[in-house]
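Q: Would you be able to build a 3D model of this:
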Amino acid sequence: MSDSEAAGGRRRRAGNAEALPDLFMGFDSDSEGEWAGAEGQPGADAQALGDAEAGRRRQRIPLEEFLRQIIGAREPPGPGSYEELLQHLRRNRAITSDRVLRALRACPRNMFLPAPHNRPPEAFVDQPVRLDAMGFNVSAPHMHATCLEALDLQPGHAFLDIGSGCGLMTAAAAFLVGKAGRAVGIDVKRPAVVLARRSLAALTAADAEYSAIAAPARFELHNVFTPSTKHQGRYDRVHSGASCSPSRLKALVALLRPRGILVTPVSPHDLQLITRLPDGRHEACILSQVRYSDLELPGDAEVVRAQLRIERKARLVPPALPSSFAADIAEITGSPGSSGGSSASATSGFLMGDASPTWPKRVAKFLTACSGSLGSSSSGSGSDHMSIDSGPCDDDGRGASARGAPTLNARELGATDCTLVGAGWRIAVHRCVLRTRCDHFRARCESGMKDAADADLPVPDHFSEEAVALLVRYLYRDEVPARAEAGLLAAALHVAQYYGTPRLAALCEAALAREVLRADSEDEDACETVVALLGLAEDAALPYLRAAALDFAVRHFDAAAATSAWSALPRRCVDSVAREATALLQRSLSLLADVPNGV
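A: Numbering: from 1, shown residues only. Prediction:
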């Protein structure tokens, strides 16, 4: 049942013979709180009986017992075991299929109840259980059975349980959808999520058959009405254990795939089966009359924060740039390793002159002033960098290191046939790799110019050995080192732009943006670097790095404005921060105005 169900609980109408197999199962109160709250003062009614104490006792009689006294019924004996409970549900047609019977049999109710509620007779009676210490109720077994039958869960289905509570419904659904399916339970109460996770773990460990058949269910702390893209349109079947207002029903239907089914109470008293149609509309039918408490609604601030998080993530996550590595490998391995490329084609428009030194010098200036983890782009020796006259690959000669990824074996290409020459360093490479993977070298090789076939290829003096070595690593392996320092990434980004490898430039930019998003606002050096990167991103037209740096500056304005780099920023960068902050405020106010009112 929903974690949000209050003490009032739900009732079912006794007149519906199909949904309510017997009268005593029909009126379903999730706790005694509803009737305790309905007690009156022991005044005139009690005095009419001549016994005030008797009047108070009479008013505290549970609903089921009160109805039995009215019709003269006799209290049926409670089930003595879980199997007897299941057979009781089968006789009363709450369970109608063997599949649901088997699923519920695989999920003993007592395993999903905390002590002392997990002992008979309470665990095996067809009544809800109130867990006061955890703040939620566990539905009566006949409601679990009724909803599982209505959902018609099939192998491979994706299932979502809203208000998963103790986790029994989610666990049974996981058994029905099997290993090819998916089962997720969400709840707004942390104790419910903790209980469900522990109970499912215990069941999986204790029952080899359940573990072998059921999908690996998971439980999350989440309010279904809090904006999220994680669950939208992902499920074949959805169940809600609390009542949804008709005005909020659209949010639940949006969780379904086309032709998906939702079973939920809809206020005031309908248990509905809703099917989402391919055109986005939905149709509903009423299964029975029930009494549930309402789904809990998030606060306005929570809704706005969640929507802003979604939009922030969209701004700060760069799209994946497709790799041409597999096609490049095919071209490289099918071409002569030492080809000089004497094509007489026209000179490419991408052919560049000397790179401007301004950009990398600015990088070096601010990064060398910062501490350790952000590093420097200046030249230097180190175990991670190629030495003078080094080759392009690791000792085994292989390229991409990820399992299953395309590989380029440098040894199979034969001896290197050209050298990148910098200020006091040299890196040997294969011309066919440069020509295939770099626009700059392709244009040079195909230019027909006198130096097109030169073995020594000069590199601009301000390009460090480490940055060019990272370029060569990328050409052979299609990757950027996972722990590359920010200074090296910034320098390599400039090298990538100069030599015409846009994917490498995008990978370096994304890595720098991640460093910015991880920056600690309490770290003065980190703040200094982030502000400097903002200026760099503006100068070099790096949209994702710019977005990350602006995000940091707006969220940690005092720390950013206190840096020396802030005073050196061009006016347009400061204006960008102001515009970003203003846009965030306006968007927040707009979202607050759009939050639905009421239930």
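Q: Go ahead and confirm Asn223 touches Glu302.
A: Yes - judged on C-beta atoms under 8 Å, Asn223 makes contact with Glu302 at a distance of 7.5 Å. (C-beta placed from N, C-alpha, C; glycine too.)
Q: More neighbours: which of these two?
A: Per other C-beta atoms under 10 Å, whichever of Asn223 and Glu302 has more neighbours is Asn223, with 21 against 15.
Q: and the more buried one, backbone torsions?
A: Asn223 adopts backbone torsions of phi -100, psi 130, taken as degrees, to the nearest 10.
Q: ok, it - contacts?
A: By C-beta atoms under 8 Å, 6 or more residues apart in numbering, Asn223 lies in contact with 186, 188, 296-298, 302.
Q: repeat for Ile162
A: 2, 186, 224, 238-242, 252, 264, 295.
Q: Take the contacts of Asn223 and keep only those in helices.
A: Per DSSP state H, helices hold the following members of the contacts of Asn223: Glu302.
Q: PyMOL command to pick out the buried ones of the contacts of Asn223?
A: Here is the PyMOL command that selects the buried residues among the contacts of Asn223 (16 or more other C-beta atoms under 10 Å):
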select buried, resi 186+188+296+297+298
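Q: Sitting in strands, which of the contacts of Asn223 do you find?
A: Ile186 (DSSP state E).
Q: could you redo the contacts of Asn223 as JSON lines and give each row distance to His430?
A: As requested, the contacts of Asn223 are exported to JSON lines (distance: C-beta to C-beta, whole Å):
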{"residue": "Ile186", "distance to His430": "54"}
{"residue": "Val188", "distance to His430": "59"}
{"residue": "Glu296", "distance to His430": "63"}
{"residue": "Leu297", "distance to His430": "63"}
{"residue": "Pro298", "distance to His430": "58"}
{"residue": "Glu302", "distance to His430": "57"}
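Q: what's the domain layout of the chain?
A: The chain breaks down into these domains under automatic domain parsing: 23-298, 325-589.
Q: Distance to Arg312 and mean pLDDT added to those, as a markdown table?
A: Below are these laid out as a markdown table (distance: least, C-beta to C-beta, whole Å; pLDDT from 0 to 100):
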| stretch | distance to Arg312 | mean pLDDT |
| --- | --- | --- |
| domain 23-298 | 12 | 84 |
| domain 325-589 | 7 | 78 |
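Q: Need the ones you listed in JSON lines (columns: distance to Leu308).
A: Formatted as JSON lines, these follow (distance: least, C-beta to C-beta, whole Å):
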{"stretch": "domain 23-298", "distance to Leu308": "9"}
{"stretch": "domain 325-589", "distance to Leu308": "7"}
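Q: Looking at the ones you listed, spot the one closest to Ala314.
A: With distances scored as C-beta to C-beta, the stretch of the domains of the chain nearest to Ala314 is domain 23-298 (8.9 Å).
Q: What is the distance between the closest one and the centre of its chain?
A: Remark: domain 23-298 is offset 26 Å from the chain centroid, using C-alpha atoms, centre = their mean, to the nearest Å.
Q: and if you look at stretch 294-303?
A: Centre to centre, stretch against its chain (C-alpha atoms, centre = their mean), the figure for stretch 294-303 is 20 Å.
Q: could I have it exported to PDB, CA atoms only?
A: The C-alpha atoms that make up stretch 294-303 are tabulated as PDB, following Å, rounded to 0.1, in the frame of the first residue of the first chain:
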ATOM      1  CA  ASP A 294      -4.500  10.400  -1.000                       C
ATOM      2  CA  LEU A 295      -1.000  10.400  -2.600                       C
ATOM      3  CA  GLU A 296       1.200  12.900  -0.900                       C
ATOM      4  CA  LEU A 297       1.900  16.000  -2.900                       C
ATOM      5  CA  PRO A 298       5.400  17.600  -2.900                       C
ATOM      6  CA  GLY A 299       5.700  21.200  -1.800                       C
ATOM      7  CA  ASP A 300       5.900  24.000  -4.300                       C
ATOM      8  CA  ALA A 301       9.600  24.600  -3.600                       C
ATOM      9  CA  GLU A 302      10.400  20.900  -4.100                       C
ATOM     10  CA  VAL A 303       8.600  20.900  -7.500                       C
END
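Q: Could you pull out the helices in the stretch 201-350 of the chain for me?
A: 208-213, 249-253, 300-316, 325-333 (DSSP state H, counting those that start in this stretch).
Q: which secondary structure elements does the helix or strand where Ala150 lies contact?
A: For Ala150, the host element (DSSP states H and E) is helix 141-151. Contacts defined by 3 or more C-beta pairs under 8 Å, 6 or more residues apart in numbering; DSSP states H and E place helix 141-151 against helix 82-91, helix 98-105, helix 168-177, strand 235-240, strand 256-266, strand 282-289.
Q: May I see the buried residues of stretch 450-467?
A: With the criterion 16+ other C-beta under 10 Å, stretch 450-467 contains buried residues 452, 457, 459-460, 462-467.
Q: from the chain's centre, how far out does it sit?
A: 45 Å.
Q: Start and end of that stretch, how far apart?
A: For stretch 450-467, the separation between the terminal residues is 28 Å (C-alpha to C-alpha, to the nearest Å).
Q: thinking again about what came up before, out of the domains of the chain, nearest to Glu311?
A: Comparing these by C-beta to C-beta, domain 325-589 comes nearest, at 7.4 Å.
Q: could you measure the residue nearest in space to the middle of the chain against Leu255, distance?
A: For the chain, the residue sitting closest to the mean C-alpha position, by C-alpha atoms, centre = their mean, is Lys230 at 5.4 Å. Distance, Lys230 to Leu255, using C-beta to C-beta, to the nearest Å: 10 Å.
Q: before we move on, what about Pro120?
A: Distance, Pro120 to Leu255, using C-beta to C-beta: 37 Å.
Q: okay, these two: which has more neighbours?
A: Leu255 (21 against 15).
Q: correct me, but the more buried one touches Arg237?
A: No - counting by C-beta under 8 Å, Leu255 does not reach Arg237; the two are 9.8 Å apart.
Q: shared neighbours of the two, anything?
A: 160, 262.
Q: ok so, going back, out of the contacts of Asn223, who's nearest Phe557?
A: Set against Phe557, the nearest of the contacts of Asn223 by C-beta to C-beta is Glu302 (23.9 Å).
Q: so the closest one touches Pro227, yeah?
A: No - with contact defined as C-beta under 8 Å, Glu302 does not reach Pro227; the gap is 9.4 Å.
Q: Return stretch 190-205 as CSV; C-alpha atoms alone will do.
A: Backbone C-alpha positions of stretch 190-205 (Å, rounded to 0.1, in the frame of the first residue of the first chain) are rendered in CSV as follows:
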residue,chain,number,x,y,z
ARG,A,190,12.5,6.5,3.8
PRO,A,191,11.5,3.9,6.5
ALA,A,192,9.3,2.2,3.8
VAL,A,193,12.1,2.1,1.3
VAL,A,194,14.5,0.7,3.9
LEU,A,195,12.0,-2.0,4.9
ALA,A,196,11.3,-3.0,1.3
ARG,A,197,15.0,-3.3,0.4
ARG,A,198,15.8,-5.4,3.5
SER,A,199,12.7,-7.6,3.0
LEU,A,200,13.5,-8.3,-0.6
ALA,A,201,17.1,-9.0,0.1
ALA,A,202,16.1,-11.5,2.8
LEU,A,203,13.6,-13.2,0.4
THR,A,204,16.1,-13.4,-2.4
ALA,A,205,18.8,-14.9,-0.1
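Q: list the buried ones in that stretch?
A: For stretch 190-205, burial by neighbour count (16+ other C-beta under 10 Å) applies to 192-193, 195-197, 199-200, 203-204.
Q: Ok, stretch 429-449 next?
A: Of the residues in stretch 429-449, 429-447 count as buried by neighbour count, 16+ other C-beta under 10 Å.
Q: ok, now stretch 116-134?
A: 117-118, 123-131, 134.
Q: ok, now stretch 491-498?
A: When neighbours are counted by 16+ other C-beta under 10 Å, the buried residues of stretch 491-498 are found to be 491-498.
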